[in-house]
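Participant: sequence first, then the predicted structure, then my questions.
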Amino acid sequence: MRSAMLNFVYIVASLFMVGQAIAKPLGSHCNTLNDCDGELICTGGLCSELSSTKTCSWTKHGIGAACSNDDDCSNDLLCGSNHVCVDQYASTKWPYMVTASCWNNTYWVPAPEGCHPGKCLGGWATVWMLEVKGEYFNTNKVQVQVLNGQSVLSTQTVSAVAGKPGKAAGSFDIKTYVECPKWHHWLGIKVTDGCTGKSTTTSYPAE
């Protein structure tokens, strides 16, 4: 009896461990984004960095460089009170702005195949889908994910968000094909800076 009970506990524990996702390091094989550790992404079947930091900085606009406003500073740096570029995480200000709304996706639905002409017709259908906008980014790449709890519904990477120093140049507008939530349901929106790997998360509707 004791042996049977121990075997049962072992089987349950084994099933539990199988069900737990183990985050994989850089270079590991992967199938989905959730397979990879931290801020890594799954591209070409391998866990990879979102982008190389070597392509994401302007040396004349780095930490300690003289500035008059945030646009004078590279990446996610800010112009501090002493008029030099500082790390945004050492500041009380957040330079990024992410907003979400819904866009009207109207499309034509044809009549079913084999339907007798004149007896059934096609028609227009409308679905409200999530739209994500970002402003004041100063990076060459941004990843936008739409989440339903822990599930990733959509992942899109936007390249060349800012091709030159200046956060005013760094904006994006993504029309996803994720249906806008109804009633009291929320969607999460995770935006990851391709230069630093740092993320910010918001929700729609705003809580």
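Facilitator: Nice, thanks for sending it over.
Participant: burial count for Thr202?
Facilitator: 15 (other CB atoms under 10 Å). No exception for glycine: its C-beta is placed from N, CA and C like everyone else's.
Participant: check which residues of the strand or helix carrying it are buried.
Facilitator: Thr202 is part of strand 199-204 when elements are defined by DSSP states H and E. Across strand 199-204, burial judged by 16 or more other CB atoms under 10 Å covers Tyr204.
Participant: report the mean per-residue pLDDT for the helix or strand that contains Asn104.
Facilitator: Assigned by DSSP H and E, Asn104 belongs to strand 97-109. The pLDDT scores in strand 97-109 average 90.
Participant: that strand to strand 199-204, inter-axis angle?
Facilitator: 50 degrees (axes from the mean of the first three to the mean of the last three CA atoms, to 10 degrees).
Participant: and Pro112, which of the three is it?
Facilitator: Here Pro112 is recorded as coil under DSSP: H, G, I helix; E, B strand; the rest coil.
Participant: got a list of what it touches?
Facilitator: The contact partners of Pro112, by CB atoms under 8 Å, 6 or more residues apart in numbering, come to Cys120.
Participant: okay, it: pLDDT?
Facilitator: We have a pLDDT of 84 for Pro112.
Participant: again, but for Val127
Facilitator: 93.
Participant: now it: how far from Val84?
Facilitator: 49 Å (CB to CB, to the nearest Å).
Participant: coming back round to it: what helices and strands are in contact with the strand holding Asn104?
Facilitator: strand 123-135, strand 172-179, strand 187-193, strand 199-204 (3 or more CB pairs under 8 Å, 6 or more residues apart in numbering; DSSP states H and E).
Participant: tell me the strands beside that strand, with direction?
Facilitator: strand 123-135 (antiparallel) (DSSP bridges).
Participant: what's the strand it pairs with in contact with?
Facilitator: So strand 123-135 is in contact with 96-109, 142, 144, 146, 161, 170-180, 187, 189, 191, 204, going by CB under 8 Å, 6+ apart.
Participant: okay, the angle between it and strand 187-193?
Facilitator: 40 degrees.
Participant: can you name the element that comes right after strand 123-135?
Facilitator: strand 141-148.
Participant: pLDDT of that following strand, averaged?
Facilitator: Mean predicted confidence for strand 141-148 is 89.
Participant: same question for the helix or strand just after it, mean pLDDT?
Facilitator: Reading on from strand 141-148 to the C-terminus, the next helix or strand found by DSSP H and E is strand 151-159. Regarding strand 151-159, the rounded mean pLDDT is 88.
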